[in-house]
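Visitor: here is my input, please return the structure:
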Amino acid sequence: MTAVTIRQSGGANIVSIPKAIVKTLSLHTGSKLELSIQDNNIVLSPIEEELTLESVLAGSPKTCFAITEEDKEWMNDKPVGKEII
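Guide: Residues are numbered from 1 along each chain as shown. Below is the predicted model:
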């Protein structure tokens, strides 16, 4: 068990989640958590993120979407066999 201390930042009371716990639960900055009270205990539970193409691609470097000369050649090639067009 890890002990944490409640701190104040602006008008909010905050606690830090240790890096080992974040890693174990595959969380990251921006992960959404549900906060509840159960049997007089504070419980944080990860909220499953719905994956969308947009959210998956958002983590990709923008350079990987650039069209290369090789891409242009491939897109302009004529069919060479029995491809369905």
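Visitor: shaky segments in the protein?
Guide: 85 (pLDDT under 70).
Visitor: distance from the chain centre to the longest helix along it, please.
Guide: In the chain, taking DSSP state H as the definition, the longest helix is helix 69-76. Between the mean C-alpha location of helix 69-76 and the chain-wide mean there is a distance of 32 Å, by C-alpha atoms, centre = their mean, to the nearest Å.
Visitor: residues making contact with it?
Guide: Among residues not part of helix 69-76, none is counted as a contact by C-beta atoms under 8 Å, 6 or more residues apart in numbering. All C-beta atoms are positioned from the backbone trio N, CA, C, and that covers glycine.
Visitor: for that helix, list the C-alpha coordinates in CSV.
Guide: Extracted in CSV, the C-alpha atoms of helix 69-76 (Å, rounded to 0.1, in the frame of the first residue of the first chain):
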residue,chain,number,x,y,z
GLU,A,69,7.2,10.0,-53.6
GLU,A,70,6.9,6.2,-53.3
ASP,A,71,3.2,6.7,-52.2
LYS,A,72,2.6,9.0,-55.2
GLU,A,73,4.1,6.4,-57.6
TRP,A,74,2.0,3.6,-56.2
MET,A,75,-1.2,5.7,-56.4
ASN,A,76,-0.5,6.6,-60.0
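Visitor: enumerate the positions of that helix that are buried.
Guide: Buried residues in helix 69-76, defined by neighbour count with 16 or more other C-beta atoms under 10 Å: none.
Visitor: what do you get for stretch 4-14?
Guide: With the criterion 16+ other C-beta under 10 Å, stretch 4-14 contains no buried residue.
Visitor: now do the same end-to-end measure for that stretch.
Guide: 10 Å (C-alpha to C-alpha, to the nearest Å).
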